[in-house]
Every structure is written in structure tokens, then in C-alpha cells.
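J.: Just the structure for this:
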Amino acid sequence: MGLFEGGNLCSRVDKMSLNCERRSKRRPKRTMEITSRNFKERLPEIEAAIDSASFLAIDGEFTGLNAYRGISPFDTPSERYDKLQESARQFLLVQFGLCTFHYDPATDSFSNQAFNIYVWPRPCSRNAPDPRFLCQTSSIDFLTNQNFDFNKLFKQGVSYLRPSELEKLKNTMTGRQENRRLSQTPGTDQNRAIPIPEDQEPFLAKIHKQIEEFVKSDDQQLELEKCNGFQRRLVYQTAKEKYKDLSLTSITKTGGDRVICVIKADEEQQQNMVWLKDQAELSDLEEAFGFSRVIQKMTESGKLVVGHNMILDIAHTLNQFCGPLPETYQDFKVMTTAVFPQLLDTKLMANTIPFKQEIFNSSLEELHKAVCLPPYNLPPVPPKYSGSGYKADSSNFHEAGFDAYITGLCFIAMSNRLGLLCGAGDKTKAGRVLPDSQLVHPFLNKLYLMRIADIPYMNLAGEDLKPDRGHVFHITFPAEWKTADLVHLFSSFGYVFVSWLDDTSAFVSLKEKEMAPQVIEVLKSSSSYRIQSYKDHVAAKNMVLPTPLQYSGITPTLEKMPFMSSNGGAELKKRPLSPEQAAIKRHKSVSDDPEVVKIERKKTFEEPEWE
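T.: Numbering: from 1, shown residues only. Predicted coordinates for the structure are as follows:
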């Protein structure tokens, strides 16, 4: 179709309108799913929902969770961030769930709007980022079992760019457009003619013959055969000198091939076409920014953002849609609060007094079950508009939009429970506590930290907790040692908890903290192991590594075996105690095996008090 063929253009528009009308009749009732096919159309609706919301809830699905280093119960927030940063940089967030909750004072009720958005880093040009990422088998298998649509992700995922990437691409494109204009201006360096090699003359003669036939015809547009970049330069140079009323433009066809499109146009039309092309290129870039606009809107709104165990969601969101995660933990805090001024983690809320005394399993699905029963009172939270949100009887766990919806419900139920317990809520309204209430302020900007008993959260708005770890010891040992060997080594000091760091090192903590001062003196370091207090280990982290241990091949467990006794095993003897060890009462030890630990009903450690 020619660019200026009005009749054909109108006919095509009519057909497109008819097809759109047919598609709208076939459109499914559910409208929460967002892909590249409807993102541009739905973006104003998403932005309006954010603007009118009382609070926002988010959730994400990922191609993997942890890279190579496992988490430790004795990580500091800074160490946990280092591991988190490593994972967020290597895996992708591929589905973003956003649920907006809207409070109506007139009816004293909440409603929801949910958006389940597939996101995919589609390269918008040859200069755009083309990221590589990892997949974790267990995560992909999990998503597959939840019927995650990978075809939809790869074919229809909404593109995105970081703001800095968009700005860089804009600058590159603006420079290229300026060079393109200069190349069409006589007397400029960009328009300087290049010599035509003899071997290219037959090719140019063939092209010029095609163009001359095109000029004589009634056709408005001609597509030349595929050629390389140098040949295209020669075509531009020779054709523009000879044919003043033709416009030549490179276009990229499906499959990536670049060809020259020739259009009949006078000088004014050519200038207008150049301007339209420049605007179209910039518009395509803006469109490629894609989902990042949603995050920008969330930042501009300043609304409370609620998540469940949301530290991974936040790290991936920042790294993919805002900018590379900072190297340091303190810079991460600054970046997070700049993008999301108000965050609340329902996992932390559920694991804090008074909720932890009533909620015994804080996984999202189990938490939702708990807040649906007394003493909690979860009010109805229907969709704001028909088909725009989830209903109470929905059950789509591990779909990002649905998990965000459930997270918001849990926050509403726990906030209302807090209002009743504190006597601050209206009992006739089930203790209604709104997101801006002072009662929820202690939970703001604190991200739950998994498996750290004495530092339950990462404090984005202030100093982190610094618990006393005087009862914790760092020990290095030969790779042949097992948990039982460490338990036996520390058996004189009662119950212990072993947290492995790698094959040759671990943290060992005592339940009976008062015995900690005797450990270093009694055990000391030997040729087969080296022991340090937690404080000394932290201080020595950045110092020169110690010399390797000399290993005899005998583990603490082997020392107890009959074949190690001097009489060939005829009589089983206990390992001799040093005078210092003999003076210490011995207790039965436990390992870090979960099944063994379950036998001991009492908590292994005292949990810290925090506001």
C-alpha cells in the first residue's frame, strides 16, 4: 500500500476497526491480565487506580530465588543484602502483581482492582539492552506446576527499560537523527561523497534501472532488494543526486533484514516524512519504557506499598525497573526509600506480638486462612468494577496478582485486629484501622528477614538491631567433618545449634549462654580445627586468610569408636577429658537436623524485643 493512497488506507482502517470490534466481542470477561497487547490501552486505568487507592499491594514471580550462596541464621542485614543483590542481578521477575485497595468512607468498606502483568525485557532496537539471566530448575518447575504461561510471557510480555537506559537510548537516537539530517544537507562532512568501487557499478546500474521504471509507473512506493550497509550508502548517495522527488528510507523487515523503501514525494513532503519518522522512533522508545511507567507512578503517588515477605520483590523491582542495585547496603536503603517511601511487610507483622501468639504459620496461604477465622474479622473486599478485581471465592495462589490481593486482605484483617486490641478502633466497625493510622507505623519500612531469630527485620528507615552474639562461635575444620563431629566437640557445653557456612566452616551457638566464656579457653584451636568468637570472626573478616589447617584424618566422632582404642577395641573407652572439661557438667547435645530439633519443644533462643 502506498503512503498516500487514501482510498486503500481508509479501506484498511475500516477492516482494522471491524477486526477490533470482532475481537472485543470475543474478549474474555476477565480483564486483570496485562500483556503487550493491551498494556498501552490499560495504562491510564492502572495509573488512575494507583491515584485513587488507599494503599497498594504487590507480589512477584521469578525465574529463581537464590544464586550460589545460601542464607545463614547468623547473617547481618548487610550480609543478607549482599546475597540478595547477587540473586536479584542474576534472576528475572517475570510476573508483577499489583492490587489497589480503595476505601469508601460512606460505606466503610474496601474494594479492589487487580492487575496481573507479564513483564519481559524485549530489545526495542539494536542499541537496547539485551540481558542475560539465570533460571533455577526448582523455580521453573514450580511455575510450571502452577500453570504459568511461558508462551504468553515470551510472546506478549510487557517490555521495560530503566530510566537511565531510556535516557541513553534517547540521546543515541537524537544523535543518529541529527546525522541523518546532516547527511541530506549539501556541503557537510556527513554528505561527502565516497568513491564507487568498480565491482559495485553493476549493482548500482541494476538498482537505478529499477528506480527509473518506478518513476515512470503509477506506483507510489518501491521496496528495493536486500543489500549490505555499504551498498545502501551507495544507493542513498547516487539516487539522491539523480532523483530529487524521491524519498529513500531504510526499514527493518520481520526477521531483521534491512531494505531501502523508495517513496514518491516532493521536498515539503520529504521534510514532513523525516519529522514523522523522528517522532515515530521517539514514540517507539517511550513505548519500550513500558512497565517501568507503573513503578514511576507508584513512586509519584507516595502510597503505602504492602507485600508479604517482600524483600525479594523489592530488590527485583528496583534492579529491573529503576536502576542497578547499589554495591553497599546503606545505599540500598537510600534507593529503596526514594522509590517506595512507605513499605509494610505482612510477614513481619504476622511474626510480631500480638499476632504471633495467634498465628502459627505465616506463609501467605496459611495466614489468609487464619485471618478468616475468629478472633479476626475480615470484611468483604469485592472488585471495584465488574471483572476488575478478585472475589472472595477466588483461589489462584501463586498468580502474582492474586497473591497481591490476598496480601492486602491479610493487612486489612490484622490492622483491624490491632485496632480492637489497642482500643483505638470502632468496635461497631470491627476495629477499623486505615493505612495511615499511627498503629501501623511501627511496622513501616521494615523488611522481614527469613531465618534470623535475633534480627527479624531490615530497618530501611534507621539503624538495624545489633544483638549480643557472645554465645556464637565460628569454627573452621576439615571437609570430612560432619554435624555430629561438631556436636560432639561442643558436647560439654549443652545444647548447640550448628549453622553450616560451607564444607569447612560453620557457626555453632550455645543454648546455655552463660557457658560461652569457657568455650575458647577449654576448646582452644588445634591442628585440626580453629575456633573464634563471633566478634573476633567479624573483626577478622577482611584480614589476611589464616594458613590451612593440618589434618590427621581423625574426627571427634571417630575418636569415640572402638577401633581407635589402644587395645584394639576389646573395651570401649570414652574420649578422655581435659581437667578443664571435666569440671563442666555435660549435657545431651542436639544437631541442627530439623527432625531432631523438633523433639525439643522449648525455643532454642530467646527472641529479641523490638518495637
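
J.: and Ser491, how far is that from Ser250?
T.: Distance, Ser491 to Ser250, by Cβ to Cβ, to the nearest Å: 77 Å. Glycine gets a C-beta too; all of them are placed from N, C-alpha and C.

J.: who has more neighbours, the two?
T.: More neighbours surround Ser491 than the other of Ser491 and Ser250, with 18 against 13 (other Cβ atoms under 10 Å).

J.: Name the residues that touch the helix or strand hosting Ile50?
T.: Using DSSP states H and E, Ile50 falls within helix 39-52. Helix 39-52 has contacts (Cβ atoms under 8 Å, 6 or more residues apart in numbering) with 34, 56, 98, 100, 102, 113, 115, 117, 158, 287, 290-291, 293-294, 297-298, 301, 303, 384.

J.: and Phe115, what does it touch?
T.: With Cβ under 8 Å, 6+ apart, Phe115 has these contacts: Met32, Ile34, Arg42, Ile46, Ala49, Gly97, Leu98, Cys99, Gly401.

J.: now, which of those residues sits nearest Glu241?
T.: Each of these was scored against Glu241 by Cβ to Cβ, and Arg42 proved nearest at 48.9 Å.

J.: ok so, going back, restricted to strands, list the contacts of helix 39-52.
T.: Among these, DSSP state E puts Ile34, Leu56, Leu98, Thr100, His102, Gln113, Phe115, Ile117 in strands.

J.: Compare those residues and tell me which has the most neighbours.
T.: Thr100 (29 neighbours).

J.: quick one: low-confidence ranges for the chain?
T.: 1-30, 67-69, 177, 180-191, 270, 424-431, 542, 544-611 (pLDDT under 70).

J.: quick one: secondary structure of the residue positioned nearest the centre of it?
T.: Centroid-nearest residue in the chain, with Cα atoms, centre = their mean: His316, separated by 2.0 Å. The assignment at His316 comes out as helix when based on DSSP: H, G, I helix; E, B strand; the rest coil.

J.: Leaving out sequence neighbours, find the closest residue to Glu281.
T.: In this structure, Glu281 finds its nearest non-sequential neighbour in Met173, 5.8 Å apart by Cβ to Cβ, 6 or more residues apart in numbering.

J.: Make sure the residue nearest to the centre of the chain is actually in contact with Ala88.
T.: Yes - using Cβ atoms under 8 Å, His316 is in contact with Ala88, at 5.1 Å.

J.: Send me stretch 407-419 as PDB with only the CA atoms.
T.: Extracted in PDB, the C-alpha atoms of stretch 407-419 (Å, rounded to 0.1, in the frame of the first residue of the first chain):
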ATOM      1  CA  THR A 407      -1.600  -9.900  50.900                       C
ATOM      2  CA  GLY A 408      -3.900  -6.800  51.000                       C
ATOM      3  CA  LEU A 409      -6.700  -8.800  52.700                       C
ATOM      4  CA  CYS A 410      -4.300 -10.000  55.400                       C
ATOM      5  CA  PHE A 411      -3.100  -6.400  56.100                       C
ATOM      6  CA  ILE A 412      -6.700  -5.200  56.400                       C
ATOM      7  CA  ALA A 413      -7.600  -8.000  58.800                       C
ATOM      8  CA  MET A 414      -4.500  -7.700  61.000                       C
ATOM      9  CA  SER A 415      -4.900  -3.900  61.100                       C
ATOM     10  CA  ASN A 416      -8.500  -4.100  62.300                       C
ATOM     11  CA  ARG A 417      -7.400  -6.700  64.900                       C
ATOM     12  CA  LEU A 418      -4.800  -4.300  66.100                       C
ATOM     13  CA  GLY A 419      -7.400  -1.600  66.400                       C
END
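
J.: what are the ranges of the strands in the stretch 1-150 of the chain?
T.: Per DSSP state E, counting those that start in this stretch, the stretch 1-150 of the chain has strands spanning 33-34, 55-62, 93-104, 109-118. These are given in chain order.

J.: ranking the ones you listed by burial, who's on top?
T.: Across the strands of the stretch 1-150 of the chain, averaging neighbours per residue (mean count of other Cβ atoms under 10 Å) puts strand 55-62 on top, at a mean of 26.
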